[in-house]
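Novice: Here is a sequence together with a model predicted from it:
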Amino acid sequence: MESSSSHDGACTACPAGKFKESTGLSPCISCGISAHSLPASTDSGDCMCITGTQRLNGTDVCEDCLPGTYAALTLPASCTMCLAHSSSPARSTNLSDCFCNAGWSDDIDVMACLSCNPGTYKASAGAGGCDKCQVSHWNMLRRCGSHRHIDMQSMRHAKLVVYSWQHFNC
């Protein structure tokens, strides 16, 4: 389709990132923030959300993927959730942007986040495995039993941590 005119009155195709739905000398319309289109696009539907974004409720507006999700393709698709027990920064573009939460280690062989075994812990989110508990600190009691921390509102939960500490020699 033809787009806006040049200085000599000749029509040219809309550039990438713009579209025009009608003929004539009217200007090309921008796809908008976080969207892109191929050159010579003729419809707002030709605008695709860039990676790390998704279409907002069936509109032509693209919004960032929320933390814990990602969008790897430049399609009018929705963001995909990270694996269970993992998260990612906002506007993530790939599954590899997802990282296991504290208390969970990554297992590349099964593409999953696995809970730390009793007697081990992982204090922060990110790549890597669980560390063995150290004996001799108060902090050890909080970390033994993987990611479970003592919760004063739930004595049952605290007993699980203490049980892990006593029976697995952290």
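Specialist: Yep, it's here.

Novice: isn't residue 125 right next to residue 100, touching?
Specialist: Yes - applying CB atoms under 8 Å as the test, residue 125 and residue 100 come out as touching, 6.7 Å apart. For the C-beta atoms, the positions are set from N, CA and C on the backbone; glycine is no exception.

Novice: quick one, which of these two is more surrounded?
Specialist: Each of residue 125 and residue 100 has its neighbours counted (other CB atoms under 10 Å); residue 100 has more, 28 against 17.

Novice: For the more buried one, give its distance to residue 84.
Specialist: As defined by CB to CB, to the nearest Å, residue 100 lies at a distance of 10 Å from residue 84.

Novice: Spell out which residues are contacts of both of the two.
Specialist: residue 113 (CB atoms under 8 Å, 6 or more residues apart in numbering).

Novice: Any buried residues in stretch 41-48, and which?
Specialist: 41, 42, 44, 46, 47, 48 (16 or more other CB atoms under 10 Å).

Novice: got the end-to-end distance for that stretch?
Specialist: End-to-end distance for stretch 41-48, by CA to CA, to the nearest Å: 11 Å.

Novice: distance between that stretch and the chain's centre?
Specialist: 25 Å (CA atoms, centre = their mean, to the nearest Å).

Novice: Thanks a lot, see you next time.
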